[in-house]
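**Q** Need coordinates for the following:
(chains A and B)
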Amino acid sequence: NAGVTQTPKFQVLKTGQSMTLQCAQDMNHNSMYWYRQDPGMGLRLIYYSASEGTTDKGEVPNGYNVSRLNKREFSLRLESAAPSQTSVYFCASSAYRGGSYEQYFGPGTRLTVT
Amino acid sequence: AQSVTQLGSHVSVSEGALVLLRCNYSSSVPPYLFWYVQYPNQGLQLLLKYTSAATLVKGINGFEAEFKKSETSFHLTKPSAHMSDAAEYFCAVSGGTSYDKVIFGPGTSLSVIP
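**A** Below you'll find the predicted structure:
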């Protein structure tokens, strides 16, 4: 059971380049999330998917697109990277357990945009 | 709208001393409250959660938290700090229309001094 996996672990992009961050979970969870983590700001939700085929914007969606390819996979795309998108990106999935939804996180992708 | 504040972005304690990390929340509905821990270069993992079953909640690694509705607080404590407790700690809240979405606080970095 790998849990939540993310690729790549590290990435450096030039301004204007595009890339896709991949995320997969093997826990059969319906809900999946993309967050960005910046110093002093905690985790901020970029996009959210409650189930296969549905996605919703979170707190900071500008500059990003997502695809919920199937129940397992949820990808995040940067169409034209900007230095403000330098951050650590976390994917998560959640399950209802013990009276509430619990989130399970991947190891993160460290992205630098120069 | 829900929000979380964490008093103190950095907390230092001596090994063996009491750990107290503060969290206050704002919510118009009965909240679910969480503490997550993030070790260096890793994703977040759930430490403990409050779901209205009991106001004093025990989690992993000897941590516990008490829900105080009158103070809108959910402070995290551990009687005796260990070197391995050095990490970033995030308080989080969910509730309202989307109980599977979580709002994270800015985080508190805990250092343990030998």
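**Q** OK, contacts around residue 87?
**A** In the absence of a named chain, chain A is used. Shown in contact with A:S87 (Cβ atoms under 8 Å, 6 or more residues apart in numbering or on different chains): A:36-38, A:111. Where C-beta positions appear, they are placed from N, C-alpha and C, glycine not excepted.
**Q** meant chain B, my bad for not saying
**A** So B:A87 contacts B:37-40, B:109-110 (Cβ under 8 Å, 6+ apart).
**Q** Out of those, which sit inside strands?
**A** Mapping these onto strands (DSSP state E) picks out B:37-38, B:109-110.
**Q** bridging residues for B:Y36?
**A** Note on B:Y36: beta-bridge partners by DSSP bridges are B:L46, B:F90.
**Q** And for A:S67?
**A** Applying DSSP bridges to A:S67, the residues it is bridged with are A:S75.
**Q** ok, it - how many residues close by?
**A** Per other Cβ atoms under 10 Å in any protein chain shown, the neighbour tally for A:S67 reads 14.
**Q** Kindly report the same for A:L78.
**A** 20.
**Q** Can you pull the phi and psi angles for it?
**A** The phi/psi pair for A:L78 (degrees, to the nearest 10) reads phi -110, psi 110.
**Q** and it, what is it in contact with?
**A** Contacts of A:L78 by Cβ under 8 Å, 6+ apart are A:13, A:18-21, A:63-64, A:85, A:111.
**Q** can you rerun that using 7 Å?
**A** Contact analysis of A:L78 by Cβ atoms under 7 Å, 6 or more residues apart in numbering or on different chains lists A:18-19, A:63-64, A:85.
**Q** and those, which two are the farthest apart?
**A** A:M19 and A:G63 (12.2 Å; Cβ to Cβ).
**Q** what pairs with the helix or strand bottoming out on mean pLDDT in chain A, and is each one parallel or antiparallel?
**A** Lowest by mean pLDDT, DSSP states H and E among the helices and strands of chain A is strand A:100-105, with a mean of 89. If you go by DSSP bridges, strand A:100-105 pairs up with strand A:87-97 (antiparallel).
**Q** okay, the strand it pairs with in PDB with CA atoms only?
**A** Output of strand A:87-97 as PDB, limited to C-alpha atoms (Å, rounded to 0.1, in the frame of the first residue of the first chain):
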ATOM      1  CA  SER A  87       6.300  26.600  -3.700                       C
ATOM      2  CA  VAL A  88       6.000  23.100  -2.300                       C
ATOM      3  CA  TYR A  89       2.900  21.300  -3.700                       C
ATOM      4  CA  PHE A  90       1.100  18.600  -1.800                       C
ATOM      5  CA  CYS A  91      -1.500  16.200  -3.100                       C
ATOM      6  CA  ALA A  92      -3.900  14.600  -0.600                       C
ATOM      7  CA  SER A  93      -6.800  12.300  -0.500                       C
ATOM      8  CA  SER A  94      -9.400  11.800   2.200                       C
ATOM      9  CA  ALA A  95     -11.600   9.200   3.700                       C
ATOM     10  CA  TYR A  96     -14.400   9.300   6.300                       C
ATOM     11  CA  ARG A  97     -13.000   7.600   9.400                       C
END
